[in-house]
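Asks: need a 3D model of the sequence below.
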Amino acid sequence: MRNKLIIILLLPIMIALFSCSESYTPKPRGYFRIDLPQKTYLSLDTIYPYNFEYPAYAIIDTNLNLGDQKYWMNLQMPQFKATLHLSYKKIDNNLGQYLEDSHTLVTKLIPKADGIYDSLIVDRNRNVFGLSYRIVGSGAASPYQFFVTDSSTNFVRAALYFNTIPNNDSLQPVINFIISDIDHMIETFEWNDIK
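Replies: Model prediction:
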């Protein structure tokens, strides 16, 4: 009787031990689903020396209190915790310096970037020339930057930043979505004559 009782007690334990041949593997970290808005655009309606179409989900912030830098702005994208910083400079025989500064700011990202891909911007009809930089890498602080100029009077530089710890692998769908909207901004970019 005693042997039967021991077998009855040990049988479930033995079955439990031998039925599980796989070891436990933790699941990879998951990320929240991101709902992307419809692609609709608004026209920048200001007295700035430039204009473009920007995504309807973005908010223009021109109250930057930067003294004499009155044509600077931020394009806030609160849904994505992202900001596109736009700075404007008047060219006065110093285009070379602005181009060098833009290049320097991009090359500062090299230690955290896996690659930097540049694309030429040339539109003779709108008199818009420049470069865009796609910065690839999970730790790069800015995944996209560009500058445009008319080569004689106006220069605009822009940089996209997220208000989160850089993890561009998980942000990649949002980065791609925003970059397509920034590319639309560049495609519709025009210079305004101001006095």
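
Asks: please enumerate the helices of this structure.
Replies: For the chain, the helices defined by DSSP state H occupy 2-19, 95-107, 168-187.

Asks: Ile47 is nearest to which of those helices?
Replies: Among these, helix 168-187 comes nearest to Ile47, with 18.4 Å by Cβ to Cβ. C-beta coordinates here come from the backbone N, C-alpha and C atoms, glycine included.

Asks: in the closest one, what's buried?
Replies: Across helix 168-187, burial judged by 16 or more other Cβ atoms under 10 Å covers 168, 171, 174-175, 177-179, 181-182, 184-186.

Asks: save the residues you listed as CSV, and put in pLDDT and distance to Asp68 too.
Replies: Listed next are those as CSV, based on pLDDT from 0 to 100; distance: Cβ to Cβ, whole Å:
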residue, pLDDT, distance to Asp68
Asn168, 60, 34
Leu171, 81, 35
Val174, 89, 34
Ile175, 90, 33
Phe177, 94, 35
Ile178, 95, 30
Ile179, 95, 31
Asp181, 96, 30
Ile182, 96, 26
His184, 97, 30
Met185, 96, 25
Ile186, 96, 26
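
Asks: make JSON lines from the helices of the chain and add distance to Asp61 to it.
Replies: Below are these laid out as JSON lines (distance: least, Cβ to Cβ, whole Å):
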{"stretch": "helix 2-19", "distance to Asp61": "61"}
{"stretch": "helix 95-107", "distance to Asp61": "21"}
{"stretch": "helix 168-187", "distance to Asp61": "15"}
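
Asks: indicate which one of those helices is closest to Gln38.
Replies: helix 168-187 (11.3 Å).

Asks: what lies in contact with the closest one?
Replies: Contact partners of helix 168-187, identified using Cβ atoms under 8 Å, 6 or more residues apart in numbering, comprise 31, 34, 36, 39, 41, 52-55, 58, 77, 80, 82, 84, 121, 128, 130, 132, 134, 136-140, 143-144, 146, 148, 158, 160, 162, 164.

Asks: separate out the buried members of the residues you listed.
Replies: Buried members of those, counted by 16+ other Cβ under 10 Å: 52-55, 58, 77, 80, 82, 84, 121, 128, 130, 132, 134, 137, 140, 143-144, 146, 148, 158, 160, 162.

Asks: now, those residues that are in strands?
Replies: Those of these mapping onto strands are 53-55, 77, 82, 84, 121, 128, 130, 132, 134, 144, 146, 148, 158, 160, 162, per DSSP state E.

Asks: just the CA trace of the lowest-mean-pLDDT helix or strand in the chain, in CSV.
Replies: Using mean pLDDT, DSSP states H and E, the weakest-scoring helix or strand in the chain turns out to be helix 2-19, at a mean of 74. Presented in CSV, the C-alpha positions along helix 2-19 are these (Å, rounded to 0.1, in the frame of the first residue of the first chain):
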residue,chain,number,x,y,z
ARG,A,2,2.8,2.3,0.9
ASN,A,3,4.5,1.8,-2.5
LYS,A,4,1.3,2.5,-4.3
LEU,A,5,0.9,5.8,-2.4
ILE,A,6,4.5,6.8,-3.2
ILE,A,7,3.9,6.0,-6.9
ILE,A,8,0.6,8.0,-6.9
LEU,A,9,2.3,11.0,-5.4
LEU,A,10,5.5,10.8,-7.5
LEU,A,11,3.7,10.1,-10.8
PRO,A,12,2.3,13.6,-11.3
ILE,A,13,5.6,15.2,-10.4
MET,A,14,7.4,12.9,-12.9
ILE,A,15,4.9,13.6,-15.7
ALA,A,16,5.3,17.4,-15.1
LEU,A,17,9.1,17.2,-15.1
PHE,A,18,9.4,15.1,-18.3
SER,A,19,6.6,16.7,-20.2
